[in-house]
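Peer 1: just to be clear, the model below is a prediction. Sequence and coordinates:
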Amino acid sequence: MADTEKIVVAFDGECLMCSRGIRWLAENDRADRIRFVRLQGPRGMEMERRAGTGSLMTALVAADGRIYARSAAVLRVWRALGGKFRVAAWLGRTFVPRVCRDAAYDFIAARRHRWFGKGDACALPSAALRGRLLE
């Protein structure tokens, strides 16, 4: 998949940090390349099955014909955003060992509900997000 094609981000729809993050992505994806699915939905569960993660603690990104998980997923989204985020993604992949990136990712993922909260239902999507939600 070329950088100009769409990528799909699967997120935990019950996680308030994740929900805020995808709203931010929808508003800042100027090239309109990112689409979103809930991990709890059919497409998200299929992505999770393909990735073999078995955990809602993992962000997943479908791009380039493969599934990225954890810190690799975050860096792939940054790359898609372009500009300074693309540079940050390159720096992260080049200079920070994956084991360190994934450890930081896991530390935050394990505490995200305690720090940001957990919603009982999905919040209403913003206008920027509404057209990007798949399912």
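Peer 2: Structure received.

Peer 1: buried residues in stretch 103-110?
Peer 2: 105, 109 (16 or more other Cβ atoms under 10 Å). Every residue, glycine included, has its C-beta placed from N, CA and C.

Peer 1: got the contact list for it?
Peer 2: 57, 58, 70, 71, 74 (Cβ atoms under 8 Å, 6 or more residues apart in numbering).

Peer 1: so residue 36: helix, strand or coil?
Peer 2: strand (DSSP: H, G, I helix; E, B strand; the rest coil).

Peer 1: separation between it and residue 91?
Peer 2: Distance from residue 36 to residue 91, counting by Cβ to Cβ, to the nearest Å: 25 Å.

Peer 1: settle it for me: which of the two has more neighbours?
Peer 2: Counted by other Cβ atoms under 10 Å, residue 36 and residue 91 do not tie: residue 36 has more neighbours, with 24 against 12.

Peer 1: distance of residue 74 relative to residue 25?
Peer 2: Taking Cβ to Cβ, one finds residue 74 at 11 Å from residue 25.

Peer 1: for residue 73, that is, sorry about that
Peer 2: Taking Cβ to Cβ, one finds residue 73 at 12 Å from residue 25.
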